[in-house]
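J.: Next come a sequence and a model predicted from it.
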Amino acid sequence: MTKLSVNINKLATLRNSRGGNVPNLLKSATDIESFGAQGITVHPRPDERHIRYQDAHDLKGVVTTEYNIEGNPIPKFMDMVLTIKPTQVTLVPDAEDAITSNAGWNTIKHKDFLIEVIKTFKDYGIRTSIFVDPDVDMVKGAAETGTDRIELYTESFAKEFSEGKKTESIQPFIDAAKMANKLGLGINAGHDLSLDNIKFFKEHIPNLFEVSIGHALICESLYLGLENVINMYLHRLK
Ligand SMILES: CC(=O)[C@@H](O)[C@H](O)COP(=O)(O)O
Ligand SMILES: NCC(=O)COP(=O)(O)O
């Protein structure tokens, strides 16, 4: 079975747009867990445009499933994660001004830095994962850092899949996953996974431990919930 960790960044975006506390992130996380999700993911960014550092702290008190915090291990981020001690930290090499994550680590170039960061988190008992492109050499490099897992960056898969290039879309991920399995790395995946592509991805990736899904899942939830909510308003307006 592959675990579903729901990324709630988008709920924070919606909350921040009005300045209040609707939707309430803590309640949403609890509800998402009660609906069956096996994890909650957040990806606080330095400008705190969606998840704030304080949210990440507060969520620790309510998340009862797997708590995964993603981000670039700059000192402020590392201090936060070491204080919170989530189940898992996922290291993502974001530029400060990136709209969203747009690349995996170069695990060869940044090997020494990653070894040090991974050791620090593991000494605190936090499981580690490194965000990587579906590239066999990057997977090999990740294994040399001592990380527990990798997270395969699935944007290229999602894009090609949506263009109908199914075989091309999945092949690099199969190769990367086979290498990860051979080297004893756990495999997570995320970015632009959706109801359209998740089944195909899951069926082709051996030993997929966990997927984290946010953007599409929240958009799909809005859309699939619209009919229900409109009818509830109409009912109250009779
Ligand atoms: C690592 C990854 O792919 C996700 O965490 C994604 O970057 C979500 O971040 P945003 O919600 O800021 O787009
Ligand atoms: N790690 C990926 C993630 O948390 C969610 O990415 P997305 O579904 O918002 O693209």
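T.: Noted; the coordinates are in hand. Ligands and ions are numbered 1, 2, ... in the order given.
J.: Close to ligand 2: what parts of the protein are there?
T.: 7, 41, 43, 70, 151, 190-193, 212-216 (C-beta under 6 Å from any ligand atom). For the C-beta atoms, the positions are set from N, CA and C on the backbone; glycine is no exception.
J.: Give me the subset of those that also touch ligand 1.
T.: N7, H43, E70, G190, H191, G214.
J.: which ones are touching the last one?
T.: Looking back up the chat, that one is G214. Under the criterion of C-beta atoms under 8 Å, 6 or more residues apart in numbering, the neighbours of G214 are V6, N7, I8, N9, K10, T41.
J.: Would you mind finding the longest helix in the chain?
T.: If you go by DSSP state H, the chain has its longest helix at helix 215-236.
J.: what helices or strands is that helix leaning on?
T.: strand 3-7, helix 9-16 (3 or more C-beta pairs under 8 Å, 6 or more residues apart in numbering; DSSP states H and E).
J.: The shortest one vs helix 215-236, what angle?
T.: Spelled out, that is strand 3-7. 70 degrees (axes from the mean of the first three to the mean of the last three C-alpha atoms, to 10 degrees).
J.: Per-residue pLDDT of V89, please?
T.: Confidence at V89, expressed as pLDDT, is 98.
J.: Can you name the element that comes right after the helix or strand containing it?
T.: Assigned by DSSP states H and E, V89 falls within strand 88-91. On the C-terminal side of strand 88-91, the closest following helix or strand by DSSP H and E is helix 111-123.
J.: which residues touch that following helix?
T.: Contact with helix 111-123 is made by 73, 78, 81-82, 89, 91, 105, 107, 128, 130, 141-142, 144-148, as judged by C-beta under 8 Å, 6+ apart.
J.: Mind checking which of these are in strands?
T.: V89, L91, T128, I130 (DSSP state E).
J.: How about the contacts made by the third one?
T.: What it means is T128. Q88, V89, T90, L91, I118, F121, K122, G146, T147, D148, R149.
J.: looking at this, S212 is in a strand?
T.: Yes. Counting by DSSP: H, G, I helix; E, B strand; the rest coil, S212 is part of a strand.
J.: Pretty sure it sits against N9.
T.: No. With contact defined as C-beta atoms under 8 Å, S212 does not reach N9; the gap is 10.2 Å.
J.: more crowded one of those two?
T.: Neighbour count, other C-beta atoms under 10 Å: between S212 and N9, S212 has more, with 27 against 22.
J.: In terms of pLDDT, where does that one sit?
T.: For S212, the predicted pLDDT is 98.
J.: distance of it from L224?
T.: Distance, S212 to L224, by C-beta to C-beta, to the nearest Å: 20 Å.
J.: For the helices and strands packed on helix 215-236, give me a markdown table that also has distance to L59.
T.: Converted to a markdown table, the helices and strands packed on helix 215-236 look like this (distance: least, C-beta to C-beta, whole Å):
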| stretch | distance to L59 |
| --- | --- |
| strand 3-7 | 12 |
| helix 9-16 | 10 |
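J.: Not including adjacent chain positions, what is the nearest residue to I205?
T.: Leaving aside its sequence neighbours, I205 sits nearest to A177 (C-beta to C-beta, 6 or more residues apart in numbering; 4.8 Å).
J.: The one you found falls within a strand, correct?
T.: No. A177: not assigned to a strand; according to three-state DSSP it is helix.
J.: is it fair to say I69 lies in a helix?
T.: No. I69 is assigned strand when assessed by three-state DSSP, not a helix.
J.: quick one, what contacts it?
T.: I69 neighbours (C-beta under 8 Å, 6+ apart): T41, V42, H43, P44, A56, M80, V81, I84, P86, Q88, V89, T90.
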